[in-house]
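Asker: test case, fold it:
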Amino acid sequence: AVALLGLGSSSGESRFREALSGDVEQRLEAIDFLIELDDPDATSLLRKASRGGPEASRRYAELALVARGEEGPQPALEALDSPDRELRQQGVWALSCYLASGQASARGGRQARKRLREMLGDPEPVVVYAAVRGLGRAGESTDRGLLAALLVDDSPSLSVEVAGAILQIEARDALAAL
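Answerer: Model prediction:
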């Protein structure tokens with residue numbers, strides 16, 4: 001379906017529509033593929049998925065639209081308040097992609113960055129890792145200190161993620177200085 005859609009074939013879109021009408025696993029897998037496609041049909045299919053079906057696939061499609069910069073950050077901000085750690089993790093991912101997309105408004109960007117920083121204190125390690133990666137993708141110079149504070153954590157894997165995020169921020173700063 002991805003290849004067919006990429007080639008402009010209508011059968012690609014129809015296969016995605018079929019998958020987005022299937023069970024929740026099929027819907028989620030279809031959304032995974034649509035996220036990666038830079039195609040207007042992918043956006044319209046994600047919009048369709050965000051309006052119907054099981055809650056898990058609807059929410060994921062909403063977050064995918066935020067990540068692509070097609071929607072404001074509100075669905076992702078709401079996901080950060082969920083008791084479901086996976087939904088919080090997806091919300092962090094969507095916010096960081098939203099910020100990196102360059103589509104964020106000044107107000108939306110400030111709010112998204114603030115909440116992304118707050119997620120460094122989440123009780124679930126998977127959410128913290130997502131926030132670290134998100135700040136690496138879309139953080140600012142001022143975020144290096146927040147990230148550096150996590151280097152004292154007992155988890156070597158978290159330290160590696162933090163170091164990587166700091167390097168990403170520094171690389172962006174260096175490129176901007178050129």
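
Asker: what about the helices in this protein?
Answerer: In the chain, the segments counted as helices under DSSP state H are 2-6, 10-19, 24-36, 40-50, 55-67, 74-79, 85-100, 106-118, 125-138, 143-148, 156-177.

Asker: give me whichever of those is most buried.
Answerer: Of all the helices of the chain, helix 85-100 has the most neighbours on average by mean count of other C-beta atoms under 10 Å, namely a mean of 24. Quick note: C-beta positions are derived from backbone N, CA and C, even for glycine.

Asker: the nearest residue to residue 167 once chain neighbours are set aside and residue 65: what is the separation?
Answerer: Spatial nearest neighbour of residue 167, excluding adjacent residues (C-beta to C-beta, 6 or more residues apart in numbering): residue 136 at 7.8 Å. Distance, residue 136 to residue 65, by C-beta to C-beta, to the nearest Å: 23 Å.

Asker: which ones are touching the residue nearest to residue 167?
Answerer: Contacts for residue 136 (C-beta atoms under 8 Å, 6 or more residues apart in numbering) come out as 161, 164, 165, 166, 167, 168, 169.

Asker: circling back: including mean pLDDT, could the helices of the chain go into CSV?
Answerer: Below are these laid out as CSV (pLDDT from 0 to 100):
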stretch, mean pLDDT
helix 2-6, 85
helix 10-19, 91
helix 24-36, 94
helix 40-50, 93
helix 55-67, 95
helix 74-79, 96
helix 85-100, 96
helix 106-118, 92
helix 125-138, 96
helix 143-148, 94
helix 156-177, 94
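
Asker: my guess is residue 134 contacts residue 96. True?
Answerer: Yes: taking contacts as C-beta atoms under 8 Å, residue 134 lies within contact range of residue 96: 3.0 Å.

Asker: which residues do these two both contact?
Answerer: residue 116.

Asker: and residue 72, its phi and psi?
Answerer: The phi/psi pair for residue 72 (degrees, to the nearest 10) reads phi -70, psi 170.

Asker: for it, which non-adjacent residue is closest in space?
Answerer: residue 108 is the one closest to residue 72 (C-beta to C-beta, 6+ apart), at 5.7 Å.

Asker: again, but for residue 161
Answerer: Distances taken as C-beta to C-beta, 6+ apart place residue 132 nearest to residue 161, at 4.7 Å, with adjacent residues excluded.

Asker: how about the contacts made by that neighbour?
Answerer: Taking C-beta under 8 Å, 6+ apart, we find residue 132 in contact with 120, 147, 150, 158, 161, 162, 165.

Asker: please redo it, this time with the cut-off set to 10 Å
Answerer: Shown in contact with residue 132 (C-beta atoms under 10 Å, 6 or more residues apart in numbering): 92, 96, 116, 119-120, 139, 143, 146-147, 150, 158-166.
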